[in-house]
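Visitor: Provided below for reference: sequence and predicted model.
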Amino acid sequence: MKRIINKGLSLSRKVNCVDLDEAIKGRRSIRSYLTDPVPEELIREVLEAATYAPSAKNGQQWRFTVLTGNAKKELTDIFRQELRFLCREIGAENMGSSFGSCNIMEEAPVVIVVWNAGEEGWETEVHSVAAAIQNMLLKAYGLGLGSLWIGDIFFVPEAFIRHFETPWKLMAAVTLGWPNHDPSPLPRKSVDQVTEFLG
Ligand SMILES: Cc1cc2nc3c(=O)[nH]c(=O)nc-3n(C[C@H](O)[C@H](O)[C@H](O)COP(=O)(O)O)c2cc1C
């Protein structure tokens, strides 16, 4: 992984970091993890990066629940059970990637449930919390960790809300761990395909 020294900073503030373009373009969704644990210090660094995201009115309404060990197993057991119930109701063909995402959450050593405290209103805060999640993924990559943003929890959101008994709004789950594969980049639409320039 390419690392550079920030040349623009004074000596006392020089930091080692992954080049920004390298982080933006090199990050991948990681769906297979080694069993090695992730030190809490690194999890904290990932969460600290989240707290530096922009937020509507600087509301910082992101909240996080970090799960490892038994706490993670309790949640993934509930997730799997609820997915099975739903599958009986709506059929396997309608379950999308949900069981696959559950497998990944079971395998990853860390699952972070991301919430929206919603104190400034849910709508704008959705954007703020999404920005925080992207910071987490980039920071994880910078630390050599793999991560995955998981929306499949919304197949059975009530299971998560009931389990944690929190008034916060469920936003996502993010897995963290040491990558066990090196996926190729997925194709991207070009700037021209997704942009109109008006003037
Ligand atoms: C809001 C959101 C929800 C996602 N949910 C899932 C998910 O539930 N399961 C999964 O395997 N990947 C999920 N992903 C990952 C995307 O599939 C992935 O980002 C996309 O295919 C591009 O691949 P890349 O992240 O490697 O660039 C999600 C990503 C986002 C932004």
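Guide: Received the coordinates, thanks. Numbers count the residues shown, from 1 in each chain.

Visitor: enumerate the residues of the protein near the ligand.
Guide: Arg28, Ser29, Arg31, Ser97, Ser101, Leu148, Trp149, Ile150, Gly151, Asp152, Leu186 (CB under 6 Å from any ligand atom). In short, each C-beta sits where N, CA and C put it, glycine included.

Visitor: now, of the residues you listed, which are buried?
Guide: Neighbour counting with 16 or more other CB atoms under 10 Å marks Arg28, Arg31, Ser101, Leu148, Trp149, Ile150, Asp152 as buried within the residues of the chain next to the ligand.

Visitor: and which of those residues is nearest to Thr166?
Guide: Ile150 (18.0 Å; CB to CB).

Visitor: doesn't Val174 make contact with the closest one?
Guide: Yes. Using CB atoms under 8 Å, Ile150 is in contact with Val174, at 6.8 Å.

Visitor: any chance of the buried ones among the residues of the chain next to the ligand in a markdown table, plus pLDDT and secondary structure?
Guide: Listed next are those as a markdown table, based on pLDDT from 0 to 100; DSSP: H, G, I helix; E, B strand; the rest coil:
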| residue | pLDDT | secondary structure |
| --- | --- | --- |
| Arg28 | 98 | coil |
| Arg31 | 98 | coil |
| Ser101 | 98 | helix |
| Leu148 | 98 | strand |
| Trp149 | 98 | strand |
| Ile150 | 98 | strand |
| Asp152 | 98 | helix |
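
Visitor: just put those residues in TSV and tack on distance to Phe197.
Guide: Listed next are those as TSV, based on distance: CB to CB, whole Å:
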residue	distance to Phe197
Arg28	30
Arg31	36
Ser101	37
Leu148	34
Trp149	30
Ile150	35
Asp152	36
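
Visitor: mind listing the helices for this structure?
Guide: Listed in chain order, the helices found in the chain under DSSP state H are 20-26, 40-51, 69-90, 98-107, 122-142, 157-164, 191-194.

Visitor: worst mean pLDDT among those helices?
Guide: Note on these: lowest mean pLDDT is at helix 122-142, with a mean of 91.

Visitor: how about it: buried residues?
Guide: 125-126, 128-133, 135-142.

Visitor: between helix 40-51 and it, find me the angle.
Guide: 140 degrees (axes from the mean of the first three to the mean of the last three CA atoms, to 10 degrees).

Visitor: output helix 122-142 as CSV - backbone C-alpha positions only.
Guide: C-alpha atoms of helix 122-142 as CSV (Å, rounded to 0.1, in the frame of the first residue of the first chain):
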residue,chain,number,x,y,z
TRP,A,122,-34.1,12.2,10.5
GLU,A,123,-33.9,13.4,6.9
THR,A,124,-30.8,15.6,6.9
GLU,A,125,-29.1,13.3,9.4
VAL,A,126,-29.3,10.4,7.0
HIS,A,127,-26.7,12.2,4.8
SER,A,128,-24.5,13.1,7.8
VAL,A,129,-24.4,9.5,9.0
ALA,A,130,-23.7,8.2,5.5
ALA,A,131,-20.7,10.6,5.3
ALA,A,132,-19.5,9.2,8.7
ILE,A,133,-19.8,5.6,7.3
GLN,A,134,-17.7,6.5,4.2
ASN,A,135,-15.0,8.0,6.5
MET,A,136,-15.0,4.7,8.5
LEU,A,137,-14.5,2.7,5.3
LEU,A,138,-11.7,4.9,4.1
LYS,A,139,-9.9,5.0,7.5
ALA,A,140,-10.2,1.2,7.8
TYR,A,141,-8.6,0.9,4.4
GLY,A,142,-5.8,3.3,5.4
